[in-house]
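Sequence and predicted structure, then a few things I'm wondering about:
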Amino acid sequence: MARAYRLAWELGCLGITVFRDGCKGEQVLNIGVGKKDKTPAVAAPMGQPVIKPRPRGLKGSTYRTQTPIGTAWITITENDEHEPFEVFVQVGKGGSDTMAVAESLGRLISLILRLPSPLSAQRRLEEVISQLARIGGGQPTGFGPDKILSLPDALSRTLAEHIGEVKPLPEAPVSAASAQADRRPLQGVRPGDVRVRGRLQEVPLVRLQRVLISHPDGGAGCRPRHDSDRFRARLGG
């Protein structure tokens, strides 16, 4: 023991601890002095962390949001503790590149939520939101605070809305009068009529032909469907 203290002093150690062999059930070092009938206990290995298994049924919420690449349907499921568990993203048709990108985003976020971590699922989702928010794209949609820069940006805003970080975007109100007007058929309009300024008027066919000839594409795709010299055109903006 004296040699141990002298060695610690020579090495400049700030402290030293001396254990007598066998004084503890588990000790740092065992040089094997003497024979022991009892085999020393071996610490059990720690279990490997596993991904949380998915229950047979989960409750969730589905959100519809507009993105620069189309309408996205985002579903967020929760476990029995009301914590986010999985995220599903659908945009476009199955088999397309757009749908592949959307599905990959949902799978990665779901994996992050299901992996064992000292952070709660809510805290992990907040980190996901901070990483996806404000990622820009080539064709943003919306204006002001409702502006969506890309699909990841729309996904981050929807996730933030789900956990209460932001308020939901207001939807454009539809009045009963406008809805009824959309369902009311137009009177006096025949197939092939052209809209020019919102009123009916007689337009000579020769004049229409001059307009088609002066058109940059030569009037392709908009030829008149009437053989008479005069036809009724619906004029509109």
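That came in fine, so what should we check first? Note that this is a predicted model, so its numbers are computed, not measured.

Could you check the pLDDT of residue 106?
Looking at residue 106, its pLDDT reads 97.

other SSEs contacting the lengthiest helix in the chain?
Across the chain, the longest stretch assigned as helix under DSSP state H is helix 97-114. If you count contacts as 3 or more Cβ pairs under 8 Å, 6 or more residues apart in numbering; DSSP states H and E, helix 97-114 packs onto strand 84-91, helix 121-132, helix 151-163. Every residue, glycine included, has its C-beta placed from N, CA and C.

Show me which positions of the last one end up buried.
If you call a residue buried by 16 or more other Cβ atoms under 10 Å, then helix 151-163 has these buried ones: 151, 152, 153, 154, 155, 156, 157, 158, 159, 160, 161, 162.

so which of those comes closest to residue 60?
Lowest distance from residue 60 to those (Cβ to Cβ) belongs to residue 162, with 9.5 Å.

can you list the domains in the protein?
Domains of the chain are assigned by automatic domain parsing as 59-163, 194-236.

so how far does the first one reach from one end to the other?
It refers to domain 59-163. The straight-line separation of the ends of domain 59-163 (Cα to Cα, to the nearest Å) is 15 Å.

Put together JSON lines for the domains of the chain, with distance to residue 4 on each row.
Below are the domains of the chain laid out as JSON lines (distance: least, Cβ to Cβ, whole Å):
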{"stretch": "domain 59-163", "distance to residue 4": "39"}
{"stretch": "domain 194-236", "distance to residue 4": "97"}
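
what about the strands in the protein?
Listed in chain order, the strands of the chain (DSSP state E) span residues 59-67, 70-78, 84-91, 197-204, 230-236.

And for the third one, what's in contact with it?
Right, the one you point to is strand 84-91. Residues from elsewhere that reach strand 84-91 (Cβ atoms under 8 Å, 6 or more residues apart in numbering): 52, 54, 58, 60, 67, 69-79, 98-99, 101-103, 105-106, 109-110, 113-114, 121-122, 125, 151, 155, 159, 162-163.

coming back round to it: now do the buried residues in the longest helix of the chain.
So for helix 97-114, counting by 16+ other Cβ under 10 Å, buried means 98, 99, 102, 105, 106, 109, 110, 112, 113, 114.

OK, contacts around the last one?
For residue 114, the contact set (Cβ under 8 Å, 6+ apart) comprises 51, 52, 54, 85, 86.

So for it, what's the pLDDT?
95.

now the third one
What the model reports as pLDDT for residue 102 is 96.
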